[in-house]
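[1] got a predicted model here, sequence first, then my questions.
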Amino acid sequence: MNIQIADIGHVIQLAIAPVFLLTGVATKLTVLTNRLARIIDRSRVLEDRLEIAADERWVSELDILYGRAHLINAAITLSTCCGLLICLVIAMLFLGDTTSLPLDRYIAGSFVLAMVGLIGSFVFLLREIFIASKHMRLAHNARRARKY
């Protein structure tokens, strides 16, 4: 195995784009975990309130929060799989170039799967945002109706 400095430089250049993508996925995971933490915090508050007194509004909101948490968990799972596949792509780029193994198809397949995971993650995040926005709008309209 005779690896030249120029070869390593070339592989690093190839790996830069997936590394930037990995940074974006990591940032997205931070957003998703923050959303999940907020959902969990609100759920705990509602569960504590329900232990004191029963209220149908709190039960209804808790059901919505459980659904939102499920969607965020799915988005986190898909984003994590995407990040792992991107890491695999980077590793295969180095491995393929340094060992002259024909990994082109595996690299392309892993990258496509990573993109499918990322797209799925965005779909689940968008669905969760729609549910949160709808619930917020309904709560606002209900408060306005009680006010008048």
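    Perfect, I can see it now. All of these numbers come straight from a predicted model, not from anything done at the bench. Residues are numbered from 1 along each chain as shown.
[2] work out for me the element R105 sits within.
    Following DSSP states H and E, one finds R105 within helix 104-147.
[3] chain center to that helix: distance?
    Offset of helix 104-147 from its chain centre (C-alpha atoms, centre = their mean, to the nearest Å): 9 Å.
[4] pLDDT of that helix, averaged?
    Here helix 104-147 scores 92 as its mean pLDDT.
[5] and stretch 64-81, by the same measure?
    The model assigns stretch 64-81 a mean pLDDT of 97.
[6] ok, residues contacting it?
    When contacts are defined by C-beta atoms under 8 Å, 6 or more residues apart in numbering, stretch 64-81 is touched by residues 25, 28-29, 32-33, 35-36, 39-40, 42-43, 46, 113-114, 117-118, 120-122, 124-125, 127-128, 131-132, 135. For glycine as for every other residue, the C-beta is placed from the backbone atoms N, C-alpha and C.
[7] which of the residues you listed are buried?
    Among the contacts of stretch 64-81, those buried by neighbour count (16 or more other C-beta atoms under 10 Å) are 25, 28-29, 32, 35-36, 39, 42-43, 46, 113-114, 117-118, 120-121, 124-125, 127-128, 132, 135.
[8] burial of V11, as a residue count?
    By other C-beta atoms under 10 Å, 17 other residues sit near V11.
[9] could you pull up phi and psi at it?
    phi -70, psi -40 (degrees, to the nearest 10).
[10] for the nearest residue to it once chain neighbours are set aside, grab the count of nearby residues.
    The shortest distance from V11 to any non-neighbouring residue, by C-beta to C-beta, 6 or more residues apart in numbering, is to D97 (4.4 Å). D97 has 18 neighbours, counted by other C-beta under 10 Å.
[11] tell me how far D97 lies from I90.
    11 Å (C-beta to C-beta, to the nearest Å).
[12] next one: G120
    Distance from G120 to I90, by C-beta to C-beta: 21 Å.
[13] same question for L103.
    12 Å.
[14] of those two, who's got more company?
    I90 (22 against 19).
[15] I am finished for the moment; much appreciated.
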